[in-house]
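Participant: Predicted model, plus sequence, below.
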Amino acid sequence: MKTDMTRRDFLKKSSLVVAVTAISGELQLFNASPVIAGTDTSFKPHAFVEIATDDTVTVWVGQSNLGQGSQTGIAMIVAEELDADWPKIQVKMAPAAEPFKNPFWHAQVTGGSTSIRHRWDLIRKAGAAARQMLIAAAAKEWGIDAEKCNTDKGRVINPDGRSLGYGKLVPKAQEHPVPENPPFKNAKDYRIIGSSRDRLDIPAKVAGTAVYGIDMQLPDMVIAVVARPPYYGVSPESYDRKAAMAVKGVVDVMELENRVAVCATTTYAALQGRKKLNIKWTKSPYPQLNDETLDEAFTAHLVKAGVAAESVGDAAGALAKASVRIEASYKFPYISHAQLEPINCTAQVEKDRCRVWVPTQGQTAAQDAAAKITGLPPDKIEVMTTYVGGGFGLRVETDPVVDAVSLAKILQRPVKVMWTREDDFANDYFRPGSVSKIQGGLDESGKVVAWSHKVASPSIMTRSMPEFVENNIDPSSLHGIPDMPYKLQNRLMEYVMMDLPIPVGFWRSVGYAINVFAIETFMDELAYKAKKDPVQFRLDLMEKDSRPYSALSLLAEKTGWEGSAPADRSRGVAVGTCFGSSAAHMAEVSVDRKTGKVKVHKLVCTIDCGPAVYPDAITAQVEGAAIMALSVAFHEKVHFSKGGVKTANFDEYPILTMSGVPEIEVYIAKSHHEIGGVGEPGLPTVAPAVANAVFRATGVRLRELPFNTGLLKKG
Amino acid sequence: MISLHVNGKKRKVDAAPDTPLLWVLRDNLGITSVKYTCGIAECGVCTVLIDDEAVRSCSIPVADVRKGKIITIEGLPENHPVKIAWIEKQVPQCGYCQSGIMLQTIDFLSRRPNPSAKQVDEALDNVLCRCGSHPRIKKAVQLAAELSRK
């Protein structure tokens, strides 16, 4: 997949191009074949599907490649509706442009597990429309009705046995209008969607030829490392410019707002130059900010009066009347994205255009940031998305774009800004810490009659998407609570928004992994108090036709639930809904009571994501989400001291490694539900399933992440 | 000028002798499959083979490589068992860590051509992958071992 492209070079002279326009707000397909559109230079089509005379089908994708497999998945959808010959399909990363914006969010962004689910109809329509145009061309050639023609593997078939390849039909097909509502295939006729395919980006990744942002090299480029504030809210008071400039290879030292950039011809020279800066920073405005004071702040906020974000029935009244009442509090740390490719961006600023190469999840944000600095209109900012070495939500941020474009503008030569791992930890927009308290009540029959849930947490959206924050309620802090799988008549959800200097941002599954942990371990406590089977107890509270019901019943079926556990192991379950899909997990653990060490032997995961476009990629995402979730459950916590981040590198932030990875089975539900997300939904239910299994093994409830396994030691 | 032997070719580079091999490979020689992640030999992402042994290139000064023969994944044939296995098992997600892990696997399999699952876990317990491709790495290592034995 080529990452460096502009729209100028992508339309071949003779090809059938179905593009999309967003001019009227509603995304519409249109014929952008050069024969139709080529003479009008003001016309800027953005291809979705391009069929060349040599039969090659190019699918342009606007969503970033973070290894999720959605680019291949999108190509599979197009190929399905087009009836293309799969080996002829290629995917190319589209530039930042209006038609590639998420139709619901009006920004080009890869997040919220939306790459496929938010464009399912549009992508199918592009393939189906092109197919109709090719059929029309063939039918005309043969002088028969289009209805009589069929298609198979890149050919239009005449009932008399003759056939014509798509490539040959292109010159005629491009003269036909794009049909407005081409019919979609019936799911039972799918031969590509739902099939096993090799991911199109894997060969380049295995060969070592995939170009990530950090690999960018341009003629005359300099590499910049930036000394960023070591504490929140400080800026340089003085620094030794001369010493840095004296390092061989350093070409410039520049101050940007609250930081100092060292630009050099090699990375090593830039790093050495930065070491020589010897910056004296202004005094920290938050010298008391550290792990202990943060703990105190969270605890204090949880007892403050919250805003009632949702209230159904009378939770307080029902709780007072309940025959069994329980209460539990939960605590979650700040965690880092810890994506392996450090933050970086390469930029080149010319008089009438700016080019940006960046491993980003937010093309529109990158474009806007560069436009602001250069003063150029957004359509003069060419954003090329490279391969991305992990993102998990962090790469919607634009800090490296700001620095690279600012420096490239001043230096008038290409600049690659690269963060070190230490920069990455110190400047992350962390998943926010959170505390919560749940009070629940059961009636005499063991039925849940009340649920009162309070969360105190810093807000992500107040900074990043303020239009979604109303009445001091950040919906992302409460993810998973209003949309929990259970039908409860009396429930209250309260929120206390915290304001701390630590920047926070989106992190794979956002608030779901936090709140679903609390909900699902609490649900387990209720089931235990009610003396009911935890799977049946949950199913009884759900609508039978619902997605979580489907995920949990499939899990029970595949695991044989508790009865099948080996004698020396204990099992726990959890279920949840997140970004349009539901997942359930069964964890099988054993606990060494001498050391408190928990061994997770096995995870069984189920997901109901509606139509399963690309099953192997879904499996890979669910496996990956499970491993990331286990890592968070057992290991991850960012430390703070003196008003800044104390955690500096992976030696202080261990993540799960090979020996901690259990056997993982993934099952995808056959589903009649609409298409859901895949990248994130597999994460939230892992940790609670493990905690519930640990309770079965020990009688101890783990209510804090990372798990304090010291609580599990006996004697 | 420092002389290096990389992927079967002799290369001369103009770099300070204390420069980590990682930056010489990436900046001076344009071999970008060798990735930077932690810079403190904690993650294994920058691994190369020097005389068939896995070495973390962020933590070896270029001058210390001397006459060692350096191999990166570009230097492996397309039909190398590890490459075949990595594609067959659809291992990479973002892919950023994989070149280092593949090279460490080659070193490991050269010493343990028939490893147990536990030996694989131990041998690759000091490399990081954030996407969670571990279950597939485990399968791919076994397949690569099988292909190598043939």
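Facilitator: It's in. Residues are numbered from 1 along each chain as shown, chains lettered A, B, ... in the order given.

Participant: Quick check: phi and psi at A:Met304.
Facilitator: For residue A:304 the amino acid is Lys, not Met. Main-chain dihedrals, A:Lys304, degrees, to the nearest 10: phi -70, psi 160.

Participant: quick one: it and A:Asp474, what's the gap?
Facilitator: Separation of A:Lys304 from A:Asp474 (CB to CB, to the nearest Å) stands at 16 Å. For the C-beta atoms, the positions are set from N, CA and C on the backbone; glycine is no exception.

Participant: In contact with the residue nearest the centre of chain B: list those residues for me.
Facilitator: Central residue of chain B (CA atoms, centre = their mean): B:Leu103, 2.9 Å from the mean position. Residues near B:Leu103 by CB atoms under 8 Å, 6 or more residues apart in numbering or on different chains: B:Thr47, B:Val48, B:Leu49, B:Ala54, B:Ile71, B:Thr72, B:Ile73.

Participant: my read: the last one touches B:Cys97, true?
Facilitator: No. Between B:Ile73 and B:Cys97 there is no contact, the gap being 12.0 Å when judged by CB atoms under 8 Å.

Participant: Need the residues touching each of those two.
Facilitator: In contact with both B:Ile73 and B:Cys97: no residue, using CB under 8 Å, 6+ apart.

Participant: which residues sit in contact with B:Thr47?
Facilitator: Contacts of B:Thr47 (CB under 8 Å, 6+ apart): B:Val34, B:Ala54, B:Val55, B:Arg56, B:Ser57, B:Ser99, B:Gly100, B:Ile101, B:Leu103, B:Gln104, B:Val127.

Participant: any idea how far it lies from chain A?
Facilitator: 12 Å (CB to the nearest CB, to the nearest Å).

Participant: where does A:Gly596 land in three-state SS?
Facilitator: coil (DSSP: H, G, I helix; E, B strand; the rest coil).

Participant: Correct me if wrong: it contacts A:Leu702.
Facilitator: No. Counting by CB under 8 Å, A:Leu702 is not a contact partner of A:Gly596; they are 10.6 Å apart.

Participant: More neighbours: which of those two?
Facilitator: Ranked by neighbour count (other CB atoms under 10 Å in any protein chain shown), A:Gly596 and A:Leu702 place A:Leu702 first, with 24 against 18.

Participant: Give me the distance between the more buried one and chain B.
Facilitator: The value you get for A:Leu702 to chain B, if CB to the nearest CB is used, is 22 Å.

Participant: List the residues that contact that residue.
Facilitator: Counted by CB under 8 Å, 6+ apart, A:Leu702 has contacts A:Thr521, A:Ala691, A:Val694, A:Phe695, A:Asn708, A:Thr709, A:Leu711.

Participant: Report the buried members of those residues.
Facilitator: A:Thr521, A:Ala691, A:Val694, A:Phe695, A:Thr709 (16 or more other CB atoms under 10 Å in any protein chain shown).

Participant: for the host helix or strand of the fourth one, the distance to its chain's centre please.
Facilitator: Put plainly, it is A:Phe695. A:Phe695 belongs to helix A:686-698 when elements are defined using DSSP states H and E. Offset of helix A:686-698 from its chain centre (CA atoms, centre = their mean, to the nearest Å): 26 Å.

Participant: Any part of it near chain B?
Facilitator: No. Using CB under 8 Å from any CB of the partner chain, helix A:686-698 stays clear of chain B, coming no nearer than 10.8 Å.

Participant: Over to A:Asn150: give its phi and psi.
Facilitator: Dihedral angles of A:Asn150 (phi, psi; degrees, to the nearest 10) stand at phi -130, psi 170.

Participant: One more: A:Lys713?
Facilitator: phi -70, psi 140.

Participant: Now do the contacts for the nearest residue to it once chain neighbours are set aside.
Facilitator: Of all residues not flanking A:Lys713 in the chain, A:Gly596 sits nearest, at 4.3 Å (CB to CB, 6 or more residues apart in numbering or on different chains). Contact analysis of A:Gly596 by CB under 8 Å, 6+ apart lists A:Thr709, A:Gly710, A:Leu711, A:Leu712, A:Lys713.

Participant: want to try CSV for these, with pLDDT and distance to A:Lys168 as columns?
Facilitator: As requested, the contacts of A:Gly596 are exported to CSV (pLDDT from 0 to 100; distance: CB to CB, whole Å):
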residue, pLDDT, distance to A:Lys168
A:Thr709, 97, 66
A:Gly710, 97, 71
A:Leu711, 97, 71
A:Leu712, 98, 69
A:Lys713, 97, 74
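
Participant: Out of these, flag the one nearest to chain B.
Facilitator: A:Thr709 (19.0 Å; CB to the nearest CB).

Participant: quick one: pLDDT of the residue in the stretch 401-550 of chain A positioned nearest to chain B?
Facilitator: Relative to chain B, the nearest point of the stretch 401-550 of chain A is A:Arg421 (4.7 Å; CB to the nearest CB). Reported pLDDT at A:Arg421 in the predicted model: 98.
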